[in-house]
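Chemist: structure of the sequence below:
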Amino acid sequence: MTPYMKLMPPVPVNRYASILTILTASVIYLFVGGFYAERGMVNADEGFYAYASFAVMQGQVPYRDFAYTQMPVLPYLQGAVMSFSGFGIRQQRWVNVCLGALSLALGIAMWNRLKLHPVTSWALIMAWCSCGPLIYYNTIGKTYAMAQLLIVATGGCLLLKTSPGIKLLLLSLAGTLTLGCRLTMAPAVLILWIGLVVLHRKQMSWLLLLCVPLLTVLVILGPFFFADPLNAIYWNWTYHLQSIMPPHDSLVLLESFYIVPAIALLVIVGISILACKRETLRTPAGWIFLAGLIGWLLSVSLPATFIDYAIPCLPLLIVGFGLLLKQVHLPTSALGLGSLILLAAITVGVVKTPRFIAKGYLEAVDRTVGFVQANTKPTDVILTSMPEIPLEAGHPIFPGLELGKFAVTAEMDDKTADDRKIITFNQLFLAIERRSAPVIVLSGVHSWNFGWSIPSIRPLTPDYYLKFAELLLRNYDCVGANEYFLVFKIHDPLNHALKVDAHQL
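Modeler: Next up is the predicted model:
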């Protein structure tokens, strides 16, 4: 027994106490996540993720039948759940809240398995549940919550008490599903695979270590790429390369630390442990922490990235830190002091970081959907930049607009756009001029009303956008409006039209 272990004897973890910790922490997370689900500000991507989940449940295939800008697995996993909960923005957010709670529960279960000190466990739980950016981005309708759960599960495979071959199979399965939700998780998945290689290389051949992951990727993801190879490659790779995003700034990396001060503190301590105790890289804990860290750093260090790209890696880093800390036998006084410092960092984060709150969006969706249902026929096609409205109203969406505000281009000819399952601005203008859609629903956010062209995401010139607005108002009447949406119907003297100026759109 080492001197450190004499200072802090192992803390027995009662099974029922462990379950109570998991349940209590999950309830706390559900409460905080529910706050963001109901009051979190709207994100530009939410509508098309919800619509994609509905589309695949109707038998459509991403890339082949509709445009989709990410890897193909999320719509199927999310769609399977939403088949029971219903398809909509609110349901999508609450599904993500539950996924976040499951991630936390899985992390705690991993800590309890190694008998992490309860003080440390609860300090990390509070760091997780009080981190506004982490909870917000894992609540809104994006890929983050599902990718987060799957990457934590992938890391958990390293802790399993089973044969190395079963570990490899399960890690390959969970890692492939993670990649299938979000390609930017590849570095974290790769580090976890390297960790498994380091831990079990003597027990498995290179042929097995390489072939099992590759075959898993081929079986799960291959069919989607074979269904339409050109579109699959375009939407997962070429599209993102052609997008002219803000150039990378070193401040993006610094800001990613600034908005999560408590987790940044864990990074500093964790790196110190890895540097001083290199033998931790011969344990699963070291590789799980390292996967979360490298996943975070690469997500915000590459060109054209945003700080929220790192979000799915943060829970893996928190879980890994707890496991890593267990490898270093600290005295109780050190754990207490460390917890107080972490609490201070948590307080700074709660006070200083953004809250991402803009109450009223979900209610506006409900009112708009109700208005559309009351004033249209169920078969009326809706031309919209906001796919959530036809989805929740039960109306067909105008073909090619499944991506909503990301579905119109001025950089392709009509045939290329048709091949990519989107539309050109000329096709949009022609549809409005011919009054092809009985109903048009636009966003209250000016730039979201087809204000940019894909794949470059370049904004339209004011004159070009004004042409769109004037054409719309010449052929349609604004019959409904709230702070988030505008509803238009084909011009008719019997319409109770609201006065809208072209410059307001």
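Chemist: from here on, contacts and neighbour counts on C-alpha atoms
Modeler: OK.
Chemist: what sits up against stretch 220-236?
Modeler: Outside stretch 220-236, the residues that touch it by CA atoms under 8 Å, 6 or more residues apart in numbering are 61-64, 67-73, 176-177, 180, 419-420.
Chemist: which of these sits closest to residue 310?
Modeler: Nearest to residue 310 among the contacts of stretch 220-236 is residue 70, at 15.9 Å by CA to CA.
Chemist: please tell me how far the closest one sits from residue 233.
Modeler: Distance of residue 70 to residue 233, given as CA to CA, to the nearest Å: 10 Å.
Chemist: give me the more crowded residue out of the two.
Modeler: Per other CA atoms under 10 Å, whichever of residue 70 and residue 233 has more neighbours is residue 70, with 23 against 14.
Chemist: so the residue lying closest to that one once chain neighbours are set aside: helix, strand or coil?
Modeler: Counting by CA to CA, 6 or more residues apart in numbering, residue 70 lies nearest to residue 236, which is 5.6 Å off, once chain neighbours are set aside. Following DSSP: H, G, I helix; E, B strand; the rest coil, we place residue 236 in the helix state.
Chemist: and for residue 236, the neighbour number?
Modeler: So residue 236, with other CA under 10 Å, has 18 neighbours.
Chemist: local confidence estimate at it?
Modeler: In this model, residue 236 is scored at 94, pLDDT.
Chemist: where does the stretch 351-500 of the chain dip in pLDDT?
Modeler: Residues of the stretch 351-500 of the chain meeting the criterion pLDDT under 70: none.
Chemist: the stretch 1-150 of the chain now?
Modeler: Looking at the stretch 1-150 of the chain by pLDDT under 70, you get 1-13.
Chemist: let me see the contact set for the residue nearest the centre of the chain.
Modeler: Centroid-nearest residue in the chain: residue 144, 2.2 Å away (criterion: CA atoms, centre = their mean). Applying CA under 8 Å, 6+ apart, we find residue 144 in contact with 137-138, 182, 311-312.
Chemist: from residue 138, how far off is residue 181?
Modeler: From residue 181 to residue 138 the distance is 13 Å (CA to CA).
Chemist: also residue 224?
Modeler: Taking CA to CA, one finds residue 224 at 26 Å from residue 138.
Chemist: how about residue 174?
Modeler: 19 Å.
Chemist: more neighbours: which of the two?
Modeler: Neighbours per residue (other CA under 10 Å) separate residue 174 from residue 138, with residue 138 holding more: 28 against 24.
Chemist: residue contacts, that one?
Modeler: Neighbouring residues of residue 138 by CA under 8 Å, 6+ apart: 96-97, 100, 144-145, 311-312.
Chemist: ok, now with 6 Å
Modeler: 144-145 (CA atoms under 6 Å, 6 or more residues apart in numbering).
Chemist: about what we covered before: identify the farthest-apart pair in the contacts of residue 144.
Modeler: Using CA to CA, the two most remote members of the contacts of residue 144 are 137 and 182, lying 14.2 Å apart.
Chemist: any idea how far residue 180 is from the residue nearest to residue 70?
Modeler: In this structure, residue 236 and residue 180 are 11 Å apart, going by CA to CA.
Chemist: cool, residue 278 as well?
Modeler: Distance, residue 278 to residue 180, by CA to CA: 33 Å.
Chemist: can you check residue 311 too?
Modeler: For residue 311, the distance to residue 180 - CA to CA - is 17 Å.
Chemist: just for the stretch 151-300 of the chain, where's the confidence low?
Modeler: Along the stretch 151-300 of the chain, the model assigns pLDDT under 70 to residues 244-250.
Chemist: ranges for the strands of this structure?
Modeler: 382-384, 408-409, 423-424, 439-443, 452-453, 458-459, 476-481, 485-490 (DSSP state E).
Chemist: select, out of the ones you listed, the one closest to residue 84.
Modeler: Closest among those, using CA to CA: strand 382-384, at 24.8 Å.
Chemist: packing partners for that closest one?
Modeler: Other helices and strands packing on strand 382-384, by 3 or more CA pairs under 6 Å, 6 or more residues apart in numbering; DSSP states H and E, are strand 439-443.
Chemist: any idea of the angle the strand it packs on forms with strand 485-490?
Modeler: Orientation check (axes from the mean of the first three to the mean of the last three CA atoms, to 10 degrees): strand 439-443 against strand 485-490 gives 160 degrees.
Chemist: which strands and helices sit next to strand 439-443?
Modeler: Counting contacts by 3+ CA pairs under 6 Å, 6+ apart, strand 439-443 packs against strand 382-384, strand 485-490.
Chemist: please name the nearest non-neighbouring residue to residue 185.
Modeler: residue 179 (6.0 Å).
Chemist: centre of the chain to stretch 426-433, how far?
Modeler: Distance, stretch centre to chain centre, for stretch 426-433: 33 Å (CA atoms, centre = their mean, to the nearest Å).
Chemist: check stretch 17-30 too.
Modeler: From the chain centre to the centre of stretch 17-30 is a distance of 23 Å (CA atoms, centre = their mean).
Chemist: return it as CSV; C-alpha atoms alone will do.
Modeler: Extracted in CSV, the C-alpha atoms of stretch 17-30 (Å, rounded to 0.1, in the frame of the first residue of the first chain):
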residue,chain,number,x,y,z
ALA,A,17,-26.0,5.1,-3.1
SER,A,18,-24.5,4.9,-6.6
ILE,A,19,-28.0,4.5,-8.1
LEU,A,20,-29.2,7.5,-6.0
THR,A,21,-26.3,9.6,-7.3
ILE,A,22,-27.1,8.8,-10.9
LEU,A,23,-30.8,9.5,-10.4
THR,A,24,-30.3,12.7,-8.5
ALA,A,25,-27.7,14.0,-11.0
SER,A,26,-30.0,13.1,-13.9
VAL,A,27,-32.9,15.0,-12.4
ILE,A,28,-30.7,18.0,-12.0
TYR,A,29,-29.6,17.8,-15.6
LEU,A,30,-33.2,17.3,-16.8
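Chemist: what lies in contact with that stretch?
Modeler: Identification of contacts with stretch 17-30 by CA under 6 Å, 6+ apart yields 101, 105, 129.
Chemist: grab the nearest non-local neighbour of the second one.
Modeler: Read that as residue 105. If the residues on either side of it in the chain are set aside, residue 105 comes closest to residue 22, at 5.4 Å by CA to CA, 6+ apart.
Chemist: what's the answer for the first one, then?
Modeler: In space, and not counting its chain neighbours, residue 101 is closest to residue 26: 5.2 Å by CA to CA, 6+ apart.
Chemist: what's the burial count for that neighbour?
Modeler: Neighbours of residue 26 using other CA under 10 Å come to 22.
Chemist: from now on call the first residue 188
Modeler: Fine by me, first position is 188 from now on; the one you just mentioned is residue 213.
Chemist: roughly how far does it sit from residue 309?
Modeler: Remark: distance between residue 213 and residue 309 (CA to CA) = 12 Å.
Chemist: quick revisit: out of the contacts of stretch 407-423, which are inside helices?
Modeler: Using DSSP state H, 260, 363-364, 367, 606 are the members of the contacts of stretch 407-423 that sit in helices.
Chemist: domain ranges for this structure?
Modeler: The chain is divided into the following domains under automatic domain parsing: 195-539, 548-691.
Chemist: and residue 611, how far from residue 636?
Modeler: Distance from residue 611 to residue 636, by CA to CA: 14 Å.
Chemist: much appreciated, bye for now.
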